[in-house]
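> build the 3D model from these lines:
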Amino acid sequence: MGDRKPYPSDVTDAQWALIGPFLDAWKARRPSVSGHQGGYELREIVNAIFYQNRTGCQWGYLPHDLPPKSATYYYFALWRDDHTDQAIHDLLRCQAREKAGRAEDPTAIVLDTQSIRAANHVPAGTTGKDAGKKVPGRKRGLAVDTLGLIIAVVVTAASVTDNVIGIRLLDKVVEYTPTVTRAWVDAGFKDEFAIHGAVLGVDIEVVRRNDTSAGFVPVRHRWVVEQTHGTLMLHRRLTREYETHPASSVSHTFWASTANLVRRLTGTSTPSWRDPA
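Below is the predicted model:
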């Protein structure tokens, strides 16, 4: 980080100790043919990604004392395409579960989707309109464990049904965490999804809302994933769809969750405007 003044989103030494060894090993496996080690520290690259995720700024508007767009996006895209972002996240999730006294891999999950409005430059071919919520844009599907920690992410056009997203989520869950045998969902997930779950060995239970009160009412089991959706909204890059490629939206979701996990594991939090100076 050098002598620059730290941003609230920067990783601390304790937080970097959780991420750094993994990225150092990743870099060691990719030696440069020319021997060039790169002009920016990987810690600063992560700081730039966390800064953009938290503030929602464009790549070209990163502060001058952080690595520029050319370097930051290069690593962001590289880690997105080789799934390094998810590998780091999943490693931290296992540590968070162990810290909470749970097994590394969950046996039960909760699924839900959230429709996000898209910016006007997002390709029309990757967006649609949610028929129920009337939201034009994309839909983010999450599968989380009972602690609210993300297991799988799917981003599609908002016109895609919950059934289709749920099936894709289950496929990812079974691929990465085959220990899962139970899933709770809302009434938007229909019989086709339940049948697919049965084929994969996952018992599906639809948890219906039985409260007629107006406004938000926590629903048994489902409140966990709804809380996770709300926590992700603290990262402004996720409050609207800005990404050309849905895969970039998935990556931003994993990085936002990673930022939450390193704070959870080190007992720290990101200062907000409510915190005293």
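> every contact and neighbour count from this point should use C-alpha atoms.
Noted.
> residues near the residue lying closest to Ala77 once chain neighbours are set aside, how many?
Leaving aside its chain neighbours, Ala77 sits nearest to Ser248 (7.7 Å; criterion: CA to CA, 6 or more residues apart in numbering). Using other CA atoms under 10 Å, Ser248 has 17 other residues around it.
> Ser248 falls within a helix, correct?
Yes: remark: Ser248 belongs to a helix, assigned using DSSP: H, G, I helix; E, B strand; the rest coil.
> for Leu234, what are its contacts?
Shown in contact with Leu234 (CA atoms under 8 Å, 6 or more residues apart in numbering): Arg54.
> roughly how far apart are it and Thr113?
Leu234 sits at a distance of 17 Å from Thr113 (criterion: CA to CA, to the nearest Å).
> again with Met233
Counting by CA to CA, the gap from Met233 to Thr113 is 14 Å.
> settle it for me: which of those two has more neighbours?
Neighbours were counted for Met233 and for Thr113 using other CA under 10 Å; Thr113 has more, 24 against 15.
> beta partners of that one?
Note on Thr113: beta-bridge partners by DSSP bridges are Gly141.
> per-residue confidence at it?
Looking at Thr113, its pLDDT is 94.
> which residues sit in contact with it?
Counting by CA under 8 Å, 6+ apart, Thr113 makes contact with Lys139, Arg140, Gly141, Leu142, Asp162.
> what about it, distance to Lys27?
Per CA to CA, Thr113 is found 35 Å from Lys27.
> got it, and Thr146?
From Thr146 to Lys27 the distance is 34 Å (CA to CA).
> and of the contacts of Thr113, the nearest to Gly197?
Checking the contacts of Thr113 against Gly197 by CA to CA gives Asp162 as the nearest, at 13.7 Å.
> neighbours of that closest one, how many?
For Asp162, the neighbour count with other CA under 10 Å is 23.
> surely it meets Phe189?
Yes: look at Asp162 against Phe189 with CA atoms under 8 Å: they come within range, at 5.7 Å.
> which residues of the protein fall in helices?
Counting by DSSP state H, the chain has helices at residues 13-28, 42-55, 69-81, 84-99, 162-176, 191-200, 223-232, 246-266.
> same for the last one, what does it pack against?
In this case it means helix 246-266. helix 13-28, helix 42-55, helix 69-81, helix 84-99, strand 150-157, helix 223-232 (3 or more CA pairs under 8 Å, 6 or more residues apart in numbering; DSSP states H and E).
> cutoff 10 Å now
helix 13-28, helix 42-55, helix 69-81, helix 84-99, strand 136-145, strand 150-157, helix 223-232 (3 or more CA pairs under 10 Å, 6 or more residues apart in numbering; DSSP states H and E).
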